[in-house]
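**Q** Compute the structure for the input listed below.
(2 chains)
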Protein chains: 2
Amino acid sequence: MALPASASKPLAKPQASLDTLANLLKADLEQVNRLIVERMQSPVVLIPQLAGHIVAAGGKRLRPMLTLAASRMCGYGGERHIALAASVEFIHTATLLHDDVVDASGLRRGLATANAVWGNKPSVLVGDFLFSRAFELMVQDGSLRILQILSHAAAVIAEGEVLQLVTANDTSTNEADYLDVIGSKTAALFAAASWIGAVLGGRPTEEEEALDAFGRNLGIAFQLVDDMLDYSAREAELGKSIGDDFRDGKITLPVVLAYRAGSETERAFWRRTLEEQEQGETDFAHAIELFHRHGSLRLTAERARHYAELARFALTPFGDCAEKRALDEAVDFCIARGH
Amino acid sequence: MALPASASKPLAKPQASLDTLANLLKADLEQVNRLIVERMQSPVVLIPQLAGHIVAAGGKRLRPMLTLAASRMCGYGGERHIALAASVEFIHTATLLHDDVVDASGLRRGLATANAVWGNKPSVLVGDFLFSRAFELMVQDGSLRILQILSHAAAVIAEGEVLQLVTANDTSTNEADYLDVIGSKTAALFAAASWIGAVLGGRPTEEEEALDAFGRNLGIAFQLVDDMLDYSAREAELGKSIGDDFRDGKITLPVVLAYRAGSETERAFWRRTLEEQEQGETDFAHAIELFHRHGSLRLTAERARHYAELARFALTPFGDCAEKRALDEAVDFCIARGH
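**A** Below is the predicted model of the structure:
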């Protein structure tokens, strides 16, 4: 469970999962997975090896599921959503490969990261390959509108990643700066993945905007919970190392809130551990203690719930259907998840 | 001068330069440069800072000039070639940024590399940003045909880079393997940059193929000379460190040829220095001595001349014009260059 001990009420239905969505989209998702495996092939065997390690290891496939569900919810009956969902997953995977290099992470989805196994060099280059493949898939689809949405999202993601790097180790980062970072690095792809469903369905502008807003707010909620989990999850459940953000001096919302509420002594602690990166054995535990003192994880959870509610509200224009109900449950999952 | 001492005849007119091409395309090139600076802007200031370091430091702009000259030679009279040339340069720049991270290079175009100044992390991420910007420019242009050519080239480049990584340190690499690597990592972008000129000009398939072949062969010649220069250039002239390939254990054509012709003792030398990466102070000089013994640099220069002639021949279908003459001189430059 992701709930901090001090949370006053549960984040959402604790049993919410992505299973409803995954079951509903089972046939489509299988096609997406087949296409992913097919398109990561290359005569250069290290490419499918390394890409397979991260792609086939099986993340949640949340982003491609957004494309699939949004398309169906928008009444789209064709097959183009398959390649576009694969393209979205390739962009995500390329980003993960580069992220792990940048963060020097050792564990992701319960497995050693590609950079830990093969080194940084192939991770950078295979990321580039997957990114190019994503574009090839989109170009094959042939919609300039969708190409525009996704290529812009890709640029915004990269911008967000650089911004995160710039704000890392900077304890003067405020909540707005932080929201800028995650709005770009995480929420932009959630938004684009959802938005293109309305384009495929040929829906009016308001519904495109509604799905853009849905994805964006869901992405922010998702990332806020991610940041909480990095301090509060059980490592085995999370499938990646906890404390990574702390070790890297990443300024996430719990830190922003604890720093703002903290005494001068506490601020000195944050500056020493995150800015100067001088960390002793007990510092991670002390950070969590400070979060509890100021309710920083609880407040972060509240923010996540707020954005989740905005995401849910954005679905209002769409009539009741199985996809809408499954997306609604995915919103619950994103804030209740322990991994 | 790039000529190895043992070269039996000059590579090409030694005074050949890119100036004729650059002067002919001056107005277009200025527009390309303006657009490059405009499109690398971002509210995240580190992005234009770092991108500016490499983009504005001014490479030869050879690849965008291929797009500009090919378009004009094909009778294209519009303005679309400007954005596409900028897009080609962005792809190239993104590749350079990632290359320098992978190779851990310290010097490029006579300046410290971005990774040497800012570290690897922003170089990876700003590379991703420029790559996305390249796609945004192409999408704005709106030709799916051109998007297809360039997105495929981008995937092939990444494949070639991974292949190079795999063959690095492997002295059993043969000439065909090596040509595969440079055909992908270097020649694919030269080919695509030239090819799209025929698409813009609305020329028949044979002329598209001719420009594709022109660029591909020119790219191979260019890279062969690059590999020679890494052993024979004067550092100040080259604007980057020499001996990088040797230090990194990269298997380039001179090594392939020297290894093939070498005695068992010599092969042991190559295995120790390039496979096992055990290098002493005199090893680089000894490598050059072995090249002279077997004429490896001269033979590499001969191969370069061969591909340059194929490039020149590929221009046959096009009528005489200033652009064609300037491209012809660019071919000479690529094999005679000392930087």
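**Q** drop to CA atoms for contacts and neighbour counts, all remaining ones
**A** Will do.
**Q** tell me which parts of the stretch 101-250 of chain A are close to chain B?
**A** Neighbours of chain B within the stretch 101-250 of chain A, by Cα under 8 Å from any Cα of the partner chain: A:101-102, A:120-122, A:124-126, A:128-130, A:132-133, A:135-136, A:139-140, A:142, A:144, A:147-148, A:151-152, A:154-156, A:158-159, A:161-163, A:165-166.
**Q** Next, the buried residues of the helix or strand hosting A:Ala22.
**A** Using DSSP states H and E, A:Ala22 sits within helix A:19-24. Buried residues in helix A:19-24, counted by 16 or more other Cα atoms under 10 Å in any protein chain shown: A:20-22.
**Q** Mind giving me the packing neighbours of the helix or strand just after it?
**A** Sequence-wise, the next helix or strand downstream of helix A:19-24 (DSSP H and E) is helix A:26-39. Packing partners of helix A:26-39 (3 or more Cα pairs under 8 Å, 6 or more residues apart in numbering or on different chains; DSSP states H and E): helix A:80-103.
**Q** Make a ChimeraX selection of whichever of the residues of the stretch 101-250 of chain A next to chain B turn out to be buried.
**A** When burial is assessed using 16+ other Cα under 10 Å, the buried subset of those is captured in ChimeraX by this command:
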select /A:101,102,120,121,122,124,125,126,128,129,130,132,133,135,136,139,140,142,144,147,148,151,152,154,155,156,158,159,161,162,163,165,166
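**Q** helix, strand or coil for A:Gly202?
**A** With DSSP: H, G, I helix; E, B strand; the rest coil as the basis, A:Gly202 sits in coil.
**Q** Now it. Its backbone dihedrals?
**A** Dihedral pair for A:Gly202: phi 60, psi 30, per degrees, to the nearest 10.
**Q** check contacts around it.
**A** The contact partners of A:Gly202, by Cα atoms under 8 Å, 6 or more residues apart in numbering or on different chains, come to A:74, A:76.
**Q** can we see that at 10 Å?
**A** If you count contacts by Cα atoms under 10 Å, 6 or more residues apart in numbering or on different chains, A:Gly202 has them with A:71, A:74-76, A:196, A:208.
**Q** Closest one of those residues to chain B?
**A** A:Ile196 (15.7 Å; Cα to the nearest Cα).
**Q** Secondary structure element for the closest one, which one?
**A** According to DSSP H and E, A:Ile196 maps onto helix A:188-200.
**Q** CA-only coordinates of that helix in CSV, if you can.
**A** Taking Å, rounded to 0.1, in the frame of the first residue of the first chain, the C-alpha atoms of helix A:188-200 are listed here in CSV:
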residue,chain,number,x,y,z
ALA,A,188,2.5,15.6,-21.7
LEU,A,189,2.6,12.0,-22.9
PHE,A,190,-0.5,10.9,-20.9
ALA,A,191,-2.3,13.9,-22.5
ALA,A,192,-1.2,13.2,-26.1
ALA,A,193,-1.9,9.5,-25.7
SER,A,194,-5.5,10.2,-24.7
TRP,A,195,-6.0,13.2,-27.0
ILE,A,196,-5.3,11.2,-30.2
GLY,A,197,-8.2,8.9,-29.3
ALA,A,198,-10.5,11.8,-30.0
VAL,A,199,-8.7,12.6,-33.3
LEU,A,200,-9.1,9.0,-34.4
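**Q** least trustworthy helix or strand in chain A by mean pLDDT?
**A** Least confident helix or strand of chain A, by mean pLDDT, DSSP states H and E, is helix A:235-238 with a mean of 59.
**Q** Mind listing what's buried along the next helix or strand after that helix?
**A** Helices and strands here follow DSSP H and E; after helix A:235-238, the next one along the chain is helix A:244-248. For helix A:244-248, burial by neighbour count (16+ other Cα under 10 Å) applies to A:244-248.
**Q** got it, and stretch A:51-69?
**A** For stretch A:51-69, a neighbour-count test (16+ other Cα under 10 Å) marks A:51-55, A:61-69 as buried.
**Q** so where is chain A shaky, pLDDT-wise?
**A** Across chain A, the ranges flagged by pLDDT under 70 are A:1-14, A:56-58, A:107-110, A:233-241, A:339.
**Q** Would you state the strands of it in chain order?
**A** With DSSP state E applied, chain A shows strands at A:107-108, A:111-112, listed in chain order.
**Q** partner strands of the last one, parallel or antiparallel?
**A** Just to be clear, that refers to strand A:111-112. strand A:107-108 (antiparallel) (DSSP bridges).
**Q** quick one, what contacts A:Ala314?
**A** The contact partners of A:Ala314, by Cα under 10 Å, 6+ apart, come to A:207, A:209-215, A:217-218, A:308.
**Q** In contact with the nearest residue to A:Pro204 once chain neighbours are set aside, which residues?
**A** Nearest non-adjacent residue to A:Pro204, counting by Cα to Cα, 6 or more residues apart in numbering or on different chains: A:Ala198, 7.9 Å away. Residues near A:Ala198 by Cα under 10 Å, 6+ apart: A:67, A:70-76, A:204-212.
**Q** A:Pro254 is in contact with A:Ser232, isn't it?
**A** No - contact criterion Cα atoms under 10 Å: A:Pro254 and A:Ser232 do not qualify, at 11.1 Å.
**Q** neighbour count winner among these two?
**A** With neighbours defined as other Cα atoms under 10 Å in any protein chain shown, A:Pro254 and A:Ser232 compare such that A:Pro254 has more, 26 against 21.
**Q** In space, what's closest to the residue nearest the centre of chain A - neighbours in sequence excluded?
**A** In chain A, the residue lying closest to the centroid (Cα atoms, centre = their mean) is A:Thr186, at 4.9 Å. Closest residue in space to A:Thr186, ignoring its immediate chain neighbours: A:Gly219 at 5.9 Å, by Cα to Cα, 6+ apart.
**Q** close enough to count as contact, the one you found and A:Leu211?
**A** No - A:Gly219 lies out of contact with A:Leu211 (Cα under 10 Å); the separation is 11.9 Å.
**Q** Could you tell me which residues touch both of these two?
**A** With Cα under 10 Å, 6+ apart as the test, A:Gly219 and A:Leu211 both reach A:190-191, A:311.
**Q** Tabulate these in a markdown table, adding columns for distance to B:Glu276 and neighbour count.
**A** Listed next are the shared contacts of A:Gly219 and A:Leu211 as a markdown table, based on distance: Cα to Cα, whole Å; neighbours: other Cα atoms under 10 Å in any protein chain shown:
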| residue | distance to B:Glu276 | neighbour count |
| --- | --- | --- |
| A:Phe190 | 45 | 30 |
| A:Ala191 | 48 | 28 |
| A:Ala311 | 55 | 26 |
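**Q** Number of residues surrounding the residue lying closest to A:Ile146 once chain neighbours are set aside?
**A** Distance criterion Cα to Cα, 6+ apart; nearest residue to A:Ile146, sequence neighbours excluded, is A:Ile196 at 6.3 Å. A:Ile196 has 27 neighbours, counted by other Cα under 10 Å.
**Q** A:Ile149 is in contact with A:Ile196, correct?
**A** Yes - counting by Cα under 10 Å, A:Ile196 does reach A:Ile149; the two are 7.6 Å apart.
**Q** In chain A, where's the longest helix?
**A** Assignment by DSSP state H gives helix A:205-232 as the longest helix of chain A.
**Q** quick check: angle from that one to helix A:188-200?
**A** Here helix A:205-232 points in a direction 150 degrees away from that of helix A:188-200 (axes from the mean of the first three to the mean of the last three Cα atoms, to 10 degrees).
**Q** What about A:Arg216, how many residues nearby?
**A** By other Cα under 10 Å, 29 other residues sit near A:Arg216.
**Q** who touches it in this structure?
**A** Contacts for A:Arg216 (Cα under 10 Å, 6+ apart) come out as A:182-184, A:186-195, A:210, A:222, A:307-308, A:310-311.
**Q** you'd agree A:Asp212 is up against A:Ala191?
**A** Yes - taking contacts as Cα under 10 Å, A:Asp212 lies within contact range of A:Ala191: 4.6 Å.
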